[in-house]
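S.K.: prediction below, plus the sequence it came from.
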2 protein chains.
Amino acid sequence: MNRYWDAANYLTVAQIYLQENALLTSPLTAEHIKPRLLGHWGTSPGLSLIYVHLNRLIRNTGARVLFVAGPGHGGPAVIANLYLEGSYSEIYPRVSQDPKGLLRLIRQFSTPGGIPSHVGPPTPGSIHEGGELGYSLAHATGAVMDNPELIVACVIGDGEAETGPLEGAWKAPAFINPRRDGAVLPILHLNGYKISGPTVLGRQSDEQVMALLRAHGWDPVVVSGSDPALVHPMLAQALDSAHARILQIQEQARHTSASTPAPWPAIILRTPKGWTGPDFVDGVAMEGTFRSHQVPLAGVRENPAHLAQLEAWLRSYKPETLFDPQGRLVPDLAALAPDADLRMGANPWANGGSDVAPLPMRPLENYAVEVGTPGSMKHETTKPLGEMLRDVYTDTAHDPRFRLFSPDETNSNRLGAVFEVTDRCLMGPVRDGDDRLSPNGRVMEVLSEHLCQGWLEGYVLSGRYGLFATYEAFAMVSASMTIQHAKWLQHARELPWRQPVPSLNIMLTSTCWRNDHNGFSHQGPGLIDTVLSLSGSVIRVYLPPDSNTLLAVAEHVLLSKDYVNLVVVDKQAHPQYLNLEDARRHAAAGASIWHWAGNESQARETEPDIVLACAGDVPTEETLAAAWLLQHHVPQLGVRVINVMDALVLPPPDVHPHGLSEPDFEKLFTTNGEVIVAWHGYARAFHQLLHGRVNPGRFHVRGYSEQGSTTTPFDMVVLNKMSRYHLALEALHRVSGHFDGARELADHCRIMLADHETYIRQHLEDMPEVREWVWTPPTEIGDAP
Amino acid sequence: MNRYWDAANYLTVAQIYLQENALLTSPLTAEHIKPRLLGHWGTSPGLSLIYVHLNRLIRNTGARVLFVAGPGHGGPAVIANLYLEGSYSEIYPRVSQDPKGLLRLIRQFSTPGGIPSHVGPPTPGSIHEGGELGYSLAHATGAVMDNPELIVACVIGDGEAETGPLEGAWKAPAFINPRRDGAVLPILHLNGYKISGPTVLGRQSDEQVMALLRAHGWDPVVVSGSDPALVHPMLAQALDSAHARILQIQEQARHTSASTPAPWPAIILRTPKGWTGPDFVDGVAMEGTFRSHQVPLAGVRENPAHLAQLEAWLRSYKPETLFDPQGRLVPDLAALAPDADLRMGANPWANGGSDVAPLPMRPLENYAVEVGTPGSMKHETTKPLGEMLRDVYTDTAHDPRFRLFSPDETNSNRLGAVFEVTDRCLMGPVRDGDDRLSPNGRVMEVLSEHLCQGWLEGYVLSGRYGLFATYEAFAMVSASMTIQHAKWLQHARELPWRQPVPSLNIMLTSTCWRNDHNGFSHQGPGLIDTVLSLSGSVIRVYLPPDSNTLLAVAEHVLLSKDYVNLVVVDKQAHPQYLNLEDARRHAAAGASIWHWAGNESQARETEPDIVLACAGDVPTEETLAAAWLLQHHVPQLGVRVINVMDALVLPPPDVHPHGLSEPDFEKLFTTNGEVIVAWHGYARAFHQLLHGRVNPGRFHVRGYSEQGSTTTPFDMVVLNKMSRYHLALEALHRVSGHFDGARELADHCRIMLADHETYIRQHLEDMPEVREWVWTPPTEIGDAP
């Protein structure tokens, strides 16, 4: 074991330093050293120690273990182990287990044209990149859900352990059900330091750290020491016990009726930072201090003393006893690694799973809302989606592979139909008065966007399907996770050996326009902007205007792979416009002319006098009302209404694959006409989308402009100057030429806005009913849908 | 006490329901009920109980207590208490303590034109809005830093306690020094439920919750019950003990040499959700369940049974015994509230403090870098800032009011000069080999962006100054906090009684362009985009190109009030361009022509053939190199170089107060000429900024386009098509007319890019030195600076 660990450590140091003489078959010279030294040594020996001991456990027990390296900057250690176990060379045949491959292994590390210094998408066996710290334990937890045979060994560095998201993730035992889920085995690796200072846990006593983990439902043991001869047997013993305990907990839960879950095993491993590296460099302590975080010997090319120290360090592992002259691990060591799929670098769950069935979907007809005259009926837009998800739960009950994640808002988001067939999941005691709560539930409600999203990421990266439904404004809490996941997918898509994985679906409900009741802090459509900055190859943004379009979008995104899908839709009762057939057509097109809402016939030769475009439920309602006002008061005016439900049809096709060709774009928005846009988010985001289109200056965009308070829904659109009256006034302002009725309509709009102002002001005095300014469907004008 | 609590609860229910008959002097009718019922009852009685008992503590001891309401949606409870203690009416005279004021109090709540339902900027005594959950404890901790007499009573709801940021904030005892800081008294208020399900801590045993807090360095007591007669004395006793213990800890630390801090007191309060409200509604249990979260009786206007139940509920508090006929709290109750500034609604620290001195700043000459020929010398740009901050620490040592916050990157960010005069703060044991670590240090390093930013927010909202220096990509971790803080400031600025508070300064270092070593996951300039979406009244974005401009910006932002200042600057060695005088002038202008870098004289009559604009350090270097290439190879071409260091000069002045007038804008960017832009962030952000300018299509923007890996710095600009060669090619493409040398330069650029491509590809084969593509200062051409 110790020799195998030596081999891993040797290859780690070799990756950081060497470009030649990989096995030190000749004396080390400055020419053997890479021109630029990068990498993180400090955490690496600990990662390798854990890896080697997990190998032992797997060989002894046949356990199926997925490895999550929270300290992902210890990339060279993980790669060394993947190379030693052979999984690396299978995926990257050029990095073969021979002198040529070995040379490539050391050269490629953190080198231009080579591989990144962090564990990430190119790392076999990984579902986690440890760059932005905080999510290892949440990813591990998501991966074991509905994965009863899997154990995720999750290494958590003491730096990461300081982050809020990681601290929040310790509560996993409250949500892991041993009857149906696999097991997370946290290995809290405390080496005491981050880059330049100690960590909080690193300075706490064993008792304090154990108490913390115990409080969260874990049963930790401490393995601590700096003498490998003592640490090896302790760690082996700790892993054996932990594994036995996991099996016992699962056995009990699966075969008896015991319901109170015992605490789950966890390991606290305290070993020196930069263990087995140089003790002192230039008289300064190195091993066991923060100074070993990155490259302990920085001057090896110029400083012969450093070079000699490096050579001694490398030779301390006795490479000649570890590798044969062909650079192959000697047979007695190679025999210590597990075989085939049991190798952690070949774990199929790290690559989307090997046998995950597709998600069953019943025909949307089952859920479609009957829509007569467009806009004549209001419906809680997300409610039919709840019914659809209910049936997904039903149809996957025998082979669970779908979960809904939400910060306690499933009912509030009108998705409550899922509770007809499943419960909220909580391992704690169920009490009288609890509503649809049980350890067997598959609706994951926890008041933490980080946990909801982190769990879902672990769940989809291991091949299963899910949806994160959350408050629009508070989706920004986990915005950085959305960015990192998109980066992961962008990179993973370029790797032919990575299977496509189900998309990360984020549904933003309780949107800014309808947070009139909760106020300004609850109003923020910023995640759209964040997502739009990311690579077009992976991001999608949908704004279905009603229930049936939402169903069509939901079907698409739930079945899709390798995307980050943002679906923006409010949960409250909104007018419904399209029957299912039209909704499907509209969703497939991404943007269409709503002929029934304008007054041009499809046969009309000339272009309309004005185009009104809208995206999102509330903007659509205001636009339709503005279109009605214009047609009613200014009948000679040619009005076209366009609904955009896929925001990414707007950019040119070279910017995003959904982008409409210029001719198709002009078929909708005309060649040169003025376009008044009502947009769900910040107006600037829409302008961004138009960048690269001919003459974007003709688009006049209204959107959320960071104005709001606790007020009425209609006042929200007034405050942000996106009301029907503002849109109609803007349209009249942009139209060229004289039209009868235009001046009267403008007066009418101004009067209505003044009237609204008075109404709002008088609230404190008279407390009138809250005025609803519902759009009246224009049955009397326009074409049929 | 109980009667005072009754009064608070009565006014809470009245705010949620009533628009007339505030004191129930006549039988309740449907007409007395508000047209729309909003608000959160569930948490309110608990908040009021705590408030009432804190009042008692303050009266008995003279303690200076600031109240942080983590469950900020319990707004009506906090407002009820502010009204009862009189501080509310002093700030809002129209909400007077008489029948008219009382009517206004109940009517204004969660009503259009009234006040928001959450605690927030309009709430006297508050530095915290409890909408986006997770930051109460971090805000409380920041507020007590360097505030030795202050106690922040921080109520944490069990919903908020599930969030990652809150869990991460429990580690405050590791960073609070009783010798110089005040005390945080966490009151974990467990009522068991969030909106529709139980909470994790709510279902845990007292022992488990106590163990969790103990593990983090607190010494909790549990106060639990549903019988007020029993809970009152327990809570009073717990608060008395906690206060005595705080004084004892502080006394010991301040007057003896005891160095190991004892655990800090904390209170776990378990009371029923919706306590004193209806037990059952329509046969369903209400009090003590999640169903009392918002409005327990929803149908009071239509349902006479509900109306009767509401009346019984209201009358259960016996309002006639609490208020005199003038609506004033009866004298024996009014006497229970503290006086003057001791009232929590009048705590001066919640309003920027009463005696915070300005931040001393020595002349920038002390730190300025000597710059000869622009670009002839490289310097770590942020290093002089470290010296400046060092002196700020020195000059505030006797009256501490400045702190630097960073996730363990102070040295890495080249701000290490601060360690000449202060240390990293950690209360834990200091060990051999630690570097500048002590409990007395004022550099706050914790590997949590949430904590760094949350602490800083609490620090500045209570009137002190600070800077959060962090990794550009990982600043997105706390992006939602940046948004919420900007919303707070935007609202607070409109309130004349709120003092301006020092700005929230966020410095983004380790930027995308120089994360060639850490790779793709570390490359993300998204916070710029996030900030640009927020209100122009509070946000500022600076991209100083070198050290002296950074000094000028830093001086400005550190002294500024009520802004969110984003300063984007890389930490590594970059060419230096401007001497201090020029830097000051440039910083004041926000954007200037760099005549020395182009070839037009200031007297030149005609406009240049091409304008090259740049913003940010790396884009500036590439632009200057492109400008040199153009002038060297195509001498007849008129080239202008503009550096933009204040991004918000770009939008029109009606969009942002820094926006240049159209004539000034055209003086820089010409009227109609083509402009090639190299921009630090996503190109779209720059386009956004230009929105509203005449003919924005003439701006051709290169920026970070989500391309990157572990590679060389120069390859980063190549991958994102922002290299000097890309810029020169784009310029040549946009210039109209024939210029000698243009074709040769284009060929040269293409050859250089192909050569670079070959160089990158050969890395794995030859391991060449990393090429530096440094810009050579064009001393031989152009004007003098």
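M.R.: Nice, thanks for sending it over. In this text, all values refer to a predicted model and were calculated from it rather than measured experimentally. Numbering: from 1, shown residues only, chains lettered A, B, ... in the order given.

S.K.: what residues of the helix ranked longest in chain A count as buried?
M.R.: The residue-count maximum for a helix in chain A (DSSP state H) belongs to helix A:228-255. Neighbour counts over helix A:228-255 (16 or more other CB atoms under 10 Å in any protein chain shown) mark A:228, A:231-232, A:234-236, A:238-239, A:242-243, A:245-246, A:249-250, A:252-253 as buried. Where you see a C-beta, it was placed from the backbone N, CA and C, and this is true even at glycine.

S.K.: just checking, what packs against it?
M.R.: Here helix A:228-255 touches helix A:2-17, helix A:44-61, strand A:183-190, strand A:218-224, strand A:264-270, going by 3 or more CB pairs under 8 Å, 6 or more residues apart in numbering or on different chains; DSSP states H and E.

S.K.: now the ones you listed as CSV including mean pLDDT and distance to A:His733?
M.R.: Shown next, in CSV, are the helices and strands packed on helix A:228-255 (pLDDT from 0 to 100; distance: least, CB to CB, whole Å):
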stretch, mean pLDDT, distance to A:His733
helix A:2-17, 98, 65
helix A:44-61, 98, 64
strand A:183-190, 98, 60
strand A:218-224, 98, 64
strand A:264-270, 98, 65
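
S.K.: give me whichever of these is most buried.
M.R.: Among the helices and strands packed on helix A:228-255, strand A:183-190 has the highest mean neighbour count (mean count of other CB atoms under 10 Å in any protein chain shown), at a mean of 28.

S.K.: what's that one packed up against?
M.R.: helix A:44-61, helix A:136-144, strand A:150-157, helix A:206-215, helix A:228-255, strand A:264-270.

S.K.: circling back: tell me which of the helices and strands packed on helix A:228-255 approaches A:Phe474 most closely.
M.R.: strand A:183-190 (25.9 Å; CB to CB).

S.K.: can I get stretch A:91-102 in CSV, CA atoms only?
M.R.: What follows is stretch A:91-102, C-alpha atoms only, in CSV (Å, rounded to 0.1, in the frame of the first residue of the first chain):
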residue,chain,number,x,y,z
ILE,A,91,-9.7,6.8,-22.4
TYR,A,92,-6.6,8.6,-23.5
PRO,A,93,-4.6,6.0,-25.5
ARG,A,94,-1.8,8.3,-26.2
VAL,A,95,-1.0,8.5,-22.5
SER,A,96,-0.1,4.9,-22.6
GLN,A,97,1.5,2.8,-19.8
ASP,A,98,4.9,2.8,-21.5
PRO,A,99,7.8,5.3,-21.7
LYS,A,100,6.2,7.3,-24.4
GLY,A,101,2.9,7.6,-22.6
LEU,A,102,4.6,8.3,-19.3
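
S.K.: identify the residues contacting it?
M.R.: A:22-23, A:83, A:86, A:88-89, A:104-105, A:108, A:124, A:326-329, A:345, A:497 (CB atoms under 8 Å, 6 or more residues apart in numbering or on different chains).

S.K.: out of the residues you listed, which touch chain B?
M.R.: A:Arg104, A:Gln108 (CB under 8 Å from any CB of the partner chain).

S.K.: between which two of the contacts of stretch A:91-102 is the distance greatest?
M.R.: For these, the farthest-apart pair by CB to CB is A:Leu23 and A:Trp497; their separation is 27.9 Å.

S.K.: quick one: which of these two has more around it?
M.R.: Set A:Leu23 next to A:Trp497 and count neighbours by other CB atoms under 10 Å in any protein chain shown: A:Leu23 wins out with 21 against 11.

S.K.: touching, the more buried one and A:Phe323? I think so.
M.R.: Yes: the criterion here is CB atoms under 8 Å, and A:Leu23 meets it with A:Phe323 at 5.6 Å.

S.K.: for the nearest residue to A:Val369 once chain neighbours are set aside, give me its contacts.
M.R.: Leaving aside its sequence neighbours, A:Val369 sits nearest to A:Ser547 (CB to CB, 6 or more residues apart in numbering or on different chains; 4.5 Å). Applying CB under 8 Å, 6+ apart, we find A:Ser547 in contact with A:Ala368, A:Val369, A:His379, A:Thr381, A:Thr382, A:Lys383, A:Pro384, A:Leu385, A:Gln576.
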